[in-house]
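Undergrad: Below are the sequence and a predicted model for it; my questions follow.
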Amino acid sequence: MSQLKWGISTSLSADLSEPVAVAELAAAAEASGWDGFFVWDHLWNRTGEPFADPWVTLAAVAAATDRIAIGTLVTPLPRRRPQVLAQQAATLDRLAEGRLILGLGLGHDGYGEYSTFDEPLDSARSRAEALDAGIDFLVQALTGGVVESAGRRTTIPTRRRPRCPIWVAGRPGVGAGPRRARRHGLEGVAIVGESVWSPAHVTDVLKRGDFAPGEIDVVLTGGEHPSPDRLAAAGATWAIPELMPGTRTTEARKRIKQGLH
């Protein structure tokens, strides 16, 4: 199996709500050998601290970097309009010259990001239905081909063809994410929720989606990643530590310069 790729995923609150500062961190990550730079897509966190917009921030990141993959981990698709997201994602991928990876998930209402605005998606089931419908739209729209549900209209395509890769969120021991990746023909599953990742977590994702190692990206988000070679041998493709809410810019620079693991 190939060696793990290493990315870093950052919240966009407090010090890290400044797009220029985040773009400088991304440039430092690229210079230090990281393979990817990703951002959270929230309105605020559990403390009520507000977040910066991920798409504006990623535009600054795209302009400040040349090589590394960039994207969201993850965009809660049920609180986005898929047609607008398709436009944003395709435009960003063009700006980044084909480096976008689009991470998608259900989202949750733990911070009031739905209920505060009387969004009707108050249950996981309703959000799952909206996520599936949105993915159906995006996998067509991002190619620039005819979209039946849009009255056979087209949207601009991503730079990468047939479209940018899409990762869907998942959790250890839960089959919804891997099955959704299989059903929609997506490129990866980004799992979150463990403090320490093991090869067993990777093989479980592959088994639940009926994937062979190497068939899709298995992305281990947050936590620690001991024994990278064993994780890669099991089928993991990305290890992505996180910069949590409240991280100061100086701390973030130090973490990035420490290296990939």
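TA: Received, thanks. Numbering: from 1, shown residues only.
Undergrad: C-alpha only now, for contacts and for neighbours.
TA: Will do.
Undergrad: Adjacent strands (with direction) for the longest strand belonging to the chain?
TA: If you go by DSSP state E, the chain has its longest strand at strand 69-76. Strand pairing for strand 69-76, determined by DSSP bridges: strand 36-39 (parallel), strand 100-105 (parallel).
Undergrad: buried ones in the first one?
TA: In this case it means strand 36-39. By neighbour count on 16 or more other C-alpha atoms under 10 Å, the buried set for strand 36-39 is 36-39.
Undergrad: Residues touching stretch 109-119, excluding its own?
TA: By C-alpha atoms under 8 Å, 6 or more residues apart in numbering, the residues outside stretch 109-119 that reach it are 42-46, 48, 79, 108, 120-122.
Undergrad: Let's see that with 6 Å instead.
TA: Stretch 109-119 is contacted from outside by R46, using C-alpha atoms under 6 Å, 6 or more residues apart in numbering.
Undergrad: buried ones in it?
TA: For stretch 109-119, the neighbour count (16+ other C-alpha under 10 Å) marks 112-114 as buried.
Undergrad: what about it, start to end distance?
TA: 10 Å (C-alpha to C-alpha, to the nearest Å).
Undergrad: Check the model's average confidence along it for me.
TA: Average pLDDT, stretch 109-119: 90.
Undergrad: hmm, back to that, what's the following helix or strand after the longest strand of the chain?
TA: The element immediately downstream of strand 69-76 (helix or strand, assigned by DSSP states H and E) is helix 82-95.
Undergrad: Just the buried residues of that next one, please?
TA: 82, 85-95.
Undergrad: And it, how far out from the chain middle?
TA: 14 Å (C-alpha atoms, centre = their mean, to the nearest Å).
Undergrad: Contacts for it next, please.
TA: Outside helix 82-95, the residues that reach it (C-alpha under 6 Å, 6+ apart) are 100, 134, 157-159.
Undergrad: ok so, going back, mean pLDDT and distance to V56 added to the strands paired with strand 69-76, as JSON lines?
TA: Shown next, in JSON lines, are those (pLDDT from 0 to 100; distance: least, C-alpha to C-alpha, whole Å):
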{"stretch": "strand 36-39", "mean pLDDT": "98", "distance to V56": "11"}
{"stretch": "strand 100-105", "mean pLDDT": "98", "distance to V56": "14"}
